[in-house]
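Peer 1: just need the structure, nothing else, for what follows:
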Amino acid sequence: MCAYCERPVALAKLRIEHVHPQNADPCSARPSGHYLWANLLGVCGDQLTCDGPNAKAGNHRCGIFLFPDELSADEEVVVVNVANGELLPSPNLAADRFERVMATLVGLGLNTPELRGMRHQILRHIDSARLDGVTDEEIGYDLVGRGFATVVDSQLRLL
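Peer 2: The predicted model follows:
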């Protein structure tokens with residue numbers, strides 16, 4: 001799964017993103033940690049979003065982008081516009097956090113038409129199934145079967 005867009009990625013197409021640049025971190029005097037496990041992320045290789053020029057790690061640690069390892073599991077940083085699948089910063093965020101979320105969404109292209117369309121399709125499927133009386137658990141199993149979700153630590157996670 002891509003660390004940025006959370007799309008499934010075949011192992012053969014997985015690319016490595018360095019959290020800190022391979023030479024040195026421009027935001028600090030510390031060395032790069034080039035081969036440390038914590039310095040590596042798997043990304044999908046989409047040149048327009050996740051592995052493009054904006055996705056380079058220097059932006060993350062310089063306080064421009066919000067990086068995945070800065071999030072807690074229970075923190076809501078984005079909300080989804082159900083009408084079109086667009087991700088928006090949560091209105092409950094402090095101003096500085098809001099700005100970093102917006103910079104991340106824009107800078108990494110996480111609201112491309114393709115990604116918005118995928119999200120919108122999932123949300124329409126969920127709404128339709130609920131109107132038909134399908135339980136959330138059954139919806140979850142169906143989303144996994146269709147490749148829209150996976151189960152991580154016994155919890156359903158949309159892709």
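Peer 1: and the gap between Ala12 and Ser128?
Peer 2: For Ala12, the distance to Ser128 under the criterion C-beta to C-beta, to the nearest Å works out to 34 Å. Every residue, glycine included, has its C-beta placed from N, CA and C.
Peer 1: which pLDDT value goes with Ala94?
Peer 2: Turning to Ala94, the model gives it a pLDDT of 90.
Peer 1: check Glu99 too.
Peer 2: In this model, Glu99 carries a pLDDT of 90.
Peer 1: and it, what are its phi and psi?
Peer 2: For Glu99, the backbone dihedrals (degrees, to the nearest 10) come out as phi -60, psi -40.
Peer 1: cool, and the one 4 residues further on?
Peer 2: The phi and psi values for Ala103, taken as degrees, to the nearest 10, are phi -60, psi -40.
Peer 1: so who does it touch?
Peer 2: The contact partners of Ala103, taken as C-beta atoms under 8 Å, 6 or more residues apart in numbering, are Ile64, Phe65, Leu66.
Peer 1: nothing else from me, thank you.
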